[in-house]
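Chemist: Okay, here's the prediction I keep looking at, along with the sequence it came from:
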Amino acid sequence: MNMNENISLSTAAFFPRDIAEIISLANSVGVKTLELMPQDISECTPEFALEIKRIDPNMWIYSVHFPLVLLQFFFNPHPRARKTGEQISRNLIAMAADLDTRIIVMHSPRKEKGTPVFRDISIEHIRYLCDLAAEKDIKIAIENNPGSETSQPDDLMAFIKELDRDNLNIVVDTTESMEAGVNPEDFLRNIPRVDHLHVSDFSDQGKHLPLGRGVIDWATIVKLMKQKKYPGKWVIELSYRHLLKNAQATLQESVNILSQLLNNA
């Protein structure tokens, strides 16, 4: 099948594999674009960018997801942890610039972290990340997330307005939308634009499922994004549980479904 060049894969799905094996699997299903989810502080450095380039100089790290394992430093008001979080951000931006990355995906704080001491540092640190990224012409994309301040369309837009930075983008995750009780079609219709997409299926049997194994109407999603003149990548972001066995076949299944829909749109 002719793979659509707008398809990307999230490396989060490949956990606990190392980057060399991840790149090999991506190549095996015809995908040359990745969203990097660092799993260690060493994967947030310019040195890691060099490692990726040595493995495959033609694999494009189009986007980077701020590492979830390191959010404890990012949203932390403790003075030492705060300095660590700022250093992680500086290194991450330097790595992203070396990789010609266009977007860094960021979560908003969880609602239980909404007390002022946590929320204030969260807002401050996201703005700091935006300012660092702007120097390298990189966008920061805020993701919808159940249980956070951006679980609903209006809340996502309000949060972005509050951050008040010109290089902010919007990322919509189809599974996260379903978890928050919003059909992704409705979520997408109720925001003015979409800059980045995380796609995976959802059902009462699980989340971040391979495409076609849940209840999401992918044909309608693709049609809607065409109407919106969506300019970005379609990042297939599966749960790692679905790739522990038969990873190549499972990935190929999702890539084929999405590629066929995009090519026929």
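Modeler: On my side now, so go ahead.

Chemist: Flag the shaky bits of the stretch 51-200 of the chain, pLDDT-wise.
Modeler: 112-114 (pLDDT under 70).

Chemist: Tell me which residues touch residue 12, please.
Modeler: By C-beta atoms under 8 Å, 6 or more residues apart in numbering, residue 12 lies in contact with 35, 37, 65, 237, 240. For glycine as for every other residue, the C-beta is placed from the backbone atoms N, C-alpha and C.

Chemist: any idea whether residue 85 is helix, strand or coil?
Modeler: Residue 85 falls in the helix class when you classify it by DSSP: H, G, I helix; E, B strand; the rest coil.

Chemist: Excluding chain neighbours, give the residue nearest to it in space.
Modeler: Nearest residue to residue 85 in three dimensions, chain neighbours excluded: residue 73, at 3.8 Å (C-beta to C-beta, 6 or more residues apart in numbering).

Chemist: Please apply the same query to residue 77.
Modeler: Per C-beta to C-beta, 6+ apart, closest to residue 77 is residue 121, 4.5 Å.

Chemist: Just confirm that neighbour contacts residue 73, I think it does.
Modeler: No - assessed by C-beta atoms under 8 Å, residue 121 is found out of contact with residue 73, at 10.5 Å.

Chemist: overlap in contacts of these two?
Modeler: In terms of C-beta under 8 Å, 6+ apart, residue 121 and residue 73 are both contacted by the residues residue 82.

Chemist: related to what we said a few turns ago, which of the contacts of residue 12 are buried?
Modeler: 35, 37, 65, 237, 240 (16 or more other C-beta atoms under 10 Å).

Chemist: In strands, which of those residues fall?
Modeler: Using DSSP state E, the members of the buried ones among the contacts of residue 12 that fall within strands are 35, 65.

Chemist: Just the closest of the buried ones among the contacts of residue 12 to residue 125, please.
Modeler: Distance to residue 125 across the buried ones among the contacts of residue 12 (C-beta to C-beta) is lowest for residue 65, with 15.9 Å.

Chemist: got a list of what the closest one touches?
Modeler: Neighbour list for residue 65: 10, 12, 35, 36, 37, 38, 104, 105 [criterion: C-beta under 8 Å, 6+ apart].
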